[in-house]
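Visitor: Sequence plus predicted model, see below.
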Amino acid sequence: RRHRLFSGVPSPRETRVTLDAPRLMVVFDEQNPKARTLAERFRKLESPDPNAILVLGGDGTMLAAIRTHWRRRLPFLGLNAGTLG
(Lines give C-alpha, C1' and ligand atoms only; values in the text may rest on other atoms or scores of the structure.)
Protein backbone atom coordinates (compact mmCIF):
# COMPACT_ATOMS: atom_id res chain seq x y z
CA ARG A 1 0.00 0.00 0.00
CA ARG A 2 2.84 2.33 0.76
CA HIS A 3 4.04 2.18 -2.87
CA ARG A 4 0.50 2.14 -4.35
CA LEU A 5 1.02 -1.26 -5.93
CA PHE A 6 -2.06 -3.24 -6.98
CA SER A 7 -4.37 -0.32 -6.29
CA GLY A 8 -5.85 0.09 -9.76
CA VAL A 9 -4.74 3.72 -9.80
CA PRO A 10 -1.97 4.53 -12.28
CA SER A 11 1.20 5.96 -10.78
CA PRO A 12 2.12 9.54 -11.75
CA ARG A 13 4.89 8.17 -14.01
CA GLU A 14 2.58 5.76 -15.84
CA THR A 15 0.77 6.59 -19.04
CA ARG A 16 -2.35 4.83 -20.25
CA VAL A 17 -2.97 4.82 -23.98
CA THR A 18 -6.30 4.12 -25.63
CA LEU A 19 -6.31 3.34 -29.34
CA ASP A 20 -9.84 3.74 -30.68
CA ALA A 21 -8.79 3.05 -34.26
CA PRO A 22 -5.39 1.32 -34.15
CA ARG A 23 -3.07 2.00 -37.06
CA LEU A 24 -0.09 -0.24 -36.47
CA MET A 25 3.45 -0.73 -37.56
CA VAL A 26 4.08 -4.46 -37.08
CA VAL A 27 7.63 -5.49 -36.17
CA PHE A 28 8.41 -9.19 -35.72
CA ASP A 29 11.26 -11.67 -35.64
CA GLU A 30 11.33 -13.09 -39.16
CA GLN A 31 13.14 -16.24 -38.01
CA ASN A 32 10.40 -17.09 -35.51
CA PRO A 33 7.49 -18.97 -37.16
CA LYS A 34 5.11 -18.18 -34.29
CA ALA A 35 5.82 -14.44 -34.61
CA ARG A 36 5.41 -14.62 -38.39
CA THR A 37 2.00 -16.29 -38.03
CA LEU A 38 0.87 -13.66 -35.52
CA ALA A 39 2.10 -10.86 -37.80
CA GLU A 40 -0.13 -12.13 -40.61
CA ARG A 41 -3.16 -11.80 -38.30
CA PHE A 42 -2.38 -8.11 -37.69
CA ARG A 43 -1.59 -7.14 -41.32
CA LYS A 44 -5.08 -5.66 -41.77
CA LEU A 45 -4.32 -3.08 -39.07
CA GLU A 46 -1.03 -1.92 -40.61
CA SER A 47 -0.86 1.65 -41.82
CA PRO A 48 1.69 3.95 -43.49
CA ASP A 49 0.83 6.48 -40.73
CA PRO A 50 0.89 4.35 -37.54
CA ASN A 51 -0.25 5.46 -34.09
CA ALA A 52 1.42 2.49 -32.31
CA ILE A 53 4.13 -0.10 -32.91
CA LEU A 54 3.23 -3.74 -32.34
CA VAL A 55 6.24 -5.92 -31.56
CA LEU A 56 5.84 -9.70 -31.91
CA GLY A 57 8.63 -11.75 -30.42
CA GLY A 58 10.68 -11.85 -27.27
CA ASP A 59 12.72 -9.38 -25.27
CA GLY A 60 15.39 -9.15 -27.94
CA THR A 61 12.87 -8.27 -30.62
CA MET A 62 11.36 -5.58 -28.38
CA LEU A 63 14.77 -4.07 -27.62
CA ALA A 64 15.73 -4.07 -31.31
CA ALA A 65 12.42 -2.41 -32.26
CA ILE A 66 12.86 0.27 -29.60
CA ARG A 67 16.43 0.94 -30.75
CA THR A 68 15.26 1.29 -34.35
CA HIS A 69 11.98 3.21 -33.94
CA TRP A 70 12.22 5.25 -30.70
CA ARG A 71 12.40 8.55 -32.60
CA ARG A 72 8.82 8.09 -33.82
CA ARG A 73 7.57 8.80 -30.26
CA LEU A 74 4.84 6.14 -30.55
CA PRO A 75 3.76 3.64 -27.89
CA PHE A 76 5.22 0.15 -28.20
CA LEU A 77 2.90 -2.83 -27.64
CA GLY A 78 4.52 -6.20 -27.09
CA LEU A 79 3.04 -9.61 -27.72
CA ASN A 80 5.27 -12.40 -26.45
CA ALA A 81 6.16 -14.94 -29.12
CA GLY A 82 9.70 -15.56 -27.90
CA THR A 83 11.47 -18.90 -28.23
CA LEU A 84 13.96 -18.74 -25.32
CA GLY A 85 13.29 -18.89 -21.60
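Guide: Yep, it's here. Numbers count the residues shown, from 1 in each chain.
Visitor: Near residue 57, how many other residues are there?
Guide: Residues within reach of residue 57, counting by other Cβ atoms under 10 Å, total 27. Where you see a C-beta, it was placed from the backbone N, CA and C, and this is true even at glycine.
Visitor: so what's the residue minimising distance to the centre of the chain closest to, chain neighbours aside?
Guide: Closest to where the C-alpha atoms of the chain average out (Cα atoms, centre = their mean) is residue 77, at 1.8 Å. What sits nearest to residue 77 in space, not counting adjacent residues and going by Cβ to Cβ, 6 or more residues apart in numbering, is residue 54, at 5.0 Å.
Visitor: And the strands in the protein?
Guide: In the chain, the segments counted as strands under DSSP state E are 24-28, 52-57, 76-80.
Visitor: now the angle from the first one to strand 76-80?
Guide: Spelled out, it's strand 24-28. Inter-element angle recorded for strand 24-28 and strand 76-80: 40 degrees (by axes from the mean of the first three to the mean of the last three Cα atoms, to 10 degrees).
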